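Trainee: this one's sequence-less:
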């Protein structure tokens, strides 16, 4: 892998200077790792997140996958995200596995009984990618046992679409995602998957005082996700499925911590996945970019 795979150090430095120039923003972040609700990023705000997954592997080496996520609120109805993925397979190697560009479009701006969001993602990733951001088609545990030196040779160009449906009622959020994905490299068929989630803050009424451990700062729930086969063999045969409790801790200092232990529900699944992430949201990032490159007044 050549150094051209990664951004220039000078560009990274400028980028983080711009982040520090923006103001932190208060937000109640979703606890979901795989499922999506209908809430988008605030317009002009940037969220920076680091997340990782530890996975057990029968007939292979356990692994730790990780990704950096940059999420930007382009408009009130459009959020765009960039993912940079990597992984370490124990007793093997550490490698960069590719990038993904995600876009979510909210169809209805006001709250409705059901709130639909359209999701499009393009990715250039190798077969060694193990972040397990979703499960699709006939993805099973044995697919992740291939050694990195061999798996990294297969480069995939993938298109992924989702219909995200979500509703919040009396503090409870219920989310359902339907996935259809196509590997544009080769003649692979469309593959399908799902994710569902439910979550609620531990308290709906905010405390009078600012505190880290107030109950309303914690959102807990559960999500379930898995594959639904492909166009030629739709259904549950030769698919994997997971059930995972989720919790998010939204600190007054504008950091959010997420934790989710996941458990495989059949013999095709990893027995255990431990996921966690840390993120911070910065408001005014878009305005800062405009002032720096547009010469506008602060």
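Mentor: Now that the structure is in, tell me what you want to look at. Every value quoted in this text rests on a predicted model; they were computed, and no experiment measured them. Residues are numbered from 1 along each chain as shown.

Trainee: point out where this structure drops to low pLDDT.
Mentor: Applying pLDDT under 70 to the chain flags residues 1-28, 295-298.

Trainee: now the helices: where do they sit in it?
Mentor: According to DSSP state H, the chain carries its helices in the segments 9-21, 148-151, 285-294.

Trainee: just checking, what packs against the last one?
Mentor: Using 3 or more Cβ pairs under 8 Å, 6 or more residues apart in numbering; DSSP states H and E as the contact test, the elements touching helix 285-294 are helix 9-21, strand 63-73. In this view, the C-beta of every residue, glycine as well, is placed from N, C-alpha and C.

Trainee: need the strands for the stretch 51-200 of the chain, in chain order.
Mentor: Using DSSP state E, counting those that start in this stretch, the strands of the stretch 51-200 of the chain run over 63-73, 78-89, 93-106, 115-126, 155-169, 172-183, 191-201.

Trainee: given the third one, what are its sheet partners and their directions?
Mentor: Okay, so that is strand 93-106. Strand 93-106 sits in its sheet next to strand 78-89 (antiparallel), strand 115-126 (antiparallel), going by DSSP bridges.

Trainee: if we can go back for a sec, return the most buried member of the strands of the stretch 51-200 of the chain.
Mentor: strand 191-201 (a mean of 21; mean count of other Cβ atoms under 10 Å).

Trainee: and it, how far from the chain's centre?
Mentor: How far strand 191-201 lies from its chain's middle: 12 Å, per Cα atoms, centre = their mean, to the nearest Å.

Trainee: same question, stretch 254-266
Mentor: 11 Å.

Trainee: for stretch 245-253, same thing?
Mentor: 16 Å.

Trainee: list the buried residues of that stretch.
Mentor: Neighbour-count burial for stretch 245-253 flags 246-250 (criterion: 16 or more other Cβ atoms under 10 Å).

Trainee: now those residues as TSV including distance to residue 268?
Mentor: Below are these laid out as TSV (distance: Cβ to Cβ, whole Å):
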residue	distance to residue 268
246	22
247	27
248	29
249	32
250	35
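
Trainee: of those residues, closest to residue 90?
Mentor: residue 246 (25.4 Å; Cβ to Cβ).

Trainee: list the beta-bridge partners for that closest one.
Mentor: Beta-bridge partners of residue 246, counted by DSSP bridges, are residue 221.

Trainee: before we move on, the earlier item: out of the strands of the stretch 51-200 of the chain, which is closest to residue 287?
Mentor: strand 63-73 (11.8 Å).

Trainee: can you list contacts of that closest one?
Mentor: Residues external to strand 63-73 that are found in contact with it (Cβ atoms under 8 Å, 6 or more residues apart in numbering): 40-55, 57, 79-90, 97, 129-133, 144, 279, 285-286.

Trainee: switch the cut-off to 7 Å
Mentor: Outside of strand 63-73, the residues within contact range by Cβ atoms under 7 Å, 6 or more residues apart in numbering are 40-55, 57, 79-90, 130-132, 144.

Trainee: what bridges to the nearest residue to residue 165 once chain neighbours are set aside?
Mentor: For residue 165, ignoring the flanking residues on the chain, the nearest one in space by Cβ to Cβ, 6 or more residues apart in numbering is residue 176 at 4.8 Å. Beta bridges link residue 176 to residue 165, residue 196, judged by DSSP bridges.

Trainee: again with the one 5 residues further on
Mentor: In this structure, residue 181 has beta-bridge partners residue 160, residue 191, where bridges are defined by DSSP bridges.

Trainee: need the contact list for it.
Mentor: Contacts for residue 181 (Cβ under 7 Å, 6+ apart) come out as 136, 158-160, 191.

Trainee: go with 10 Å
Mentor: Contacts for residue 181 (Cβ atoms under 10 Å, 6 or more residues apart in numbering) come out as 121, 123, 134, 136-137, 158-162, 188, 190-193, 227, 230.
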